[in-house]
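[1] when you get a sec, could you give me coordinates for this:
(2 chains)
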Amino acid sequence: DTAVSQTPKYLVTQMGNDKSIKCEQNLGHDTMYWYKQDSKKFLKIMFSYNNKELIINETVPNRFSPKSPDKAHLNLHINSLELGDSAVYFCASSRDRGSLAGELFFGEGSRLTVL
Amino acid sequence: RKEVEQDPGPFNVPEGATVAFNCTYSNSASQSFFWYRQDCRKEPKLLMSVYSSGNEDGRFTAQLNRASQYISLLIRDSKLSDSATYLCVVTFNDYKLSFGAGTTVTVRA
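    Numbers count the residues shown, from 1 in each chain, chains lettered A, B, ... in the order given. Modelled structure (predicted):
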């Protein structure tokens, strides 16, 4: 049973389209995250939710909208995709937040390619 | 200045060698420190936490120097399977964990 699962693993789409990536964790964790890893391999935090409450919202274009229907799920919707959105998007979870988070468990990543 | 900075490498070392590298952080109020490992085209996974007194896990030793604001990772007796990117993670407050850009290590036969 995969602890943090995200779908789809691969996504190839045209500029201007809208797409979603889904994430689910079965660890009973309270905090979930979306990270973006670009071609330079830098992992940048985008959003974090704690018990369905948005606690981190970094400088991300408002074309990106996270949604957390419950604490086990955190989805990412992207409107009007641009070439610069091409990256690997990682979902992660932890038992708590910030300095209390402990280990982060990552999903396998969703590789988005915008043509 | 970036919150967390690492030497990107790559560090190319022969099997059996010792390799060490650092990670510097800018916020003196940083609270927790970790090393993660990321294999090519895989997700990051926790390698070890870094404690104030320093800690070992097998061939891996992590140190924290709060005065100079850096953490270090030392790998002894390198194996081919140690080839990976090593990511430094620092927490600043109750909300934020920040990743370094990673240090790439390649162990050759």
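
[2] buried sites along stretch A:81-101?
    A:81, A:85-94, A:97-99, A:101 (16 or more other Cβ atoms under 10 Å in any protein chain shown). The C-beta positions use only the backbone N, C-alpha and C, and glycine is treated the same way.

[3] now stretch B:38-45
    B:38, B:43-44.

[4] those also near chain A: which ones?
    The subset of the buried residues of stretch B:38-45 lying close to chain A, counting by Cβ under 8 Å from any Cβ of the partner chain, consists of B:38, B:43-44.

[5] next, count neighbours for residue 15.
    This is for chain A. Using other Cβ atoms under 10 Å in any protein chain shown, A:Met15 has 11 neighbouring residues.

[6] look at chain B instead
    12.

[7] same thing with B:Thr106?
    16.

[8] let me see the contact set for it.
    B:10-13, B:83 (Cβ atoms under 8 Å, 6 or more residues apart in numbering or on different chains).

[9] try it again with 6 Å
    Listed by Cβ atoms under 6 Å, 6 or more residues apart in numbering or on different chains, the contact set of B:Thr106 reads B:10, B:12, B:83.

[10] again, but for B:Tyr36
    With Cβ under 6 Å, 6+ apart, B:Tyr36 has these contacts: B:44, B:46-47, B:87, B:89.

[11] restricted to helices, list those.
    Among those, no member falls in helices (DSSP state H).

[12] can you redo these as TSV with pLDDT?
    Putting those into TSV (pLDDT from 0 to 100) gives the following:
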residue	pLDDT
B:Pro44	96
B:Leu46	94
B:Leu47	96
B:Leu87	96
B:Val89	93
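
[13] can you tell me which of these is nearest chain A?
    Minimum distance to chain A across those is 4.6 Å, recorded for B:Leu46 (Cβ to the nearest Cβ).

[14] the closest one contacts A:Leu104, doesn't it?
    No. B:Leu46 is not in contact with A:Leu104 according to Cβ atoms under 6 Å; the separation is 7.1 Å.

[15] so the two - more neighbours on which side?
    Neighbours per residue (other Cβ under 10 Å) separate B:Leu46 from A:Leu104, with A:Leu104 holding more: 25 against 16.

[16] out of everything not next to it in sequence, what's closest to the more buried one?
    Leaving aside its sequence neighbours, A:Leu104 sits nearest to A:Ala92 (Cβ to Cβ, 6 or more residues apart in numbering or on different chains; 4.6 Å).

[17] for that neighbour, give me its contacts.
    Per Cβ under 6 Å, 6+ apart, neighbours of A:Ala92: A:33, A:104, A:106.

[18] just the ones in strands from the buried residues of stretch B:38-45, please.
    Judged by DSSP state E, the buried residues of stretch B:38-45 include B:Gln38 as members of strands.

[19] residue 14: neighbour count?
    In the absence of a named chain, chain A is used. Count around A:Gln14 with other Cβ under 10 Å applied: 8.

[20] if you could check chain B rather than the one you did, that'd help
    10.

[21] could you check how far the residue lying closest to it once chain neighbours are set aside is from B:Tyr86?
    For B:Pro14, ignoring the flanking residues on the chain, the nearest one in space by Cβ to Cβ, 6+ apart is B:Arg108 at 5.7 Å. Shown here: B:Arg108 relative to B:Tyr86, a distance of 17 Å by Cβ to Cβ, to the nearest Å.

[22] what do you get for A:Thr13?
    To B:Tyr86, A:Thr13 is 32 Å away according to Cβ to Cβ.
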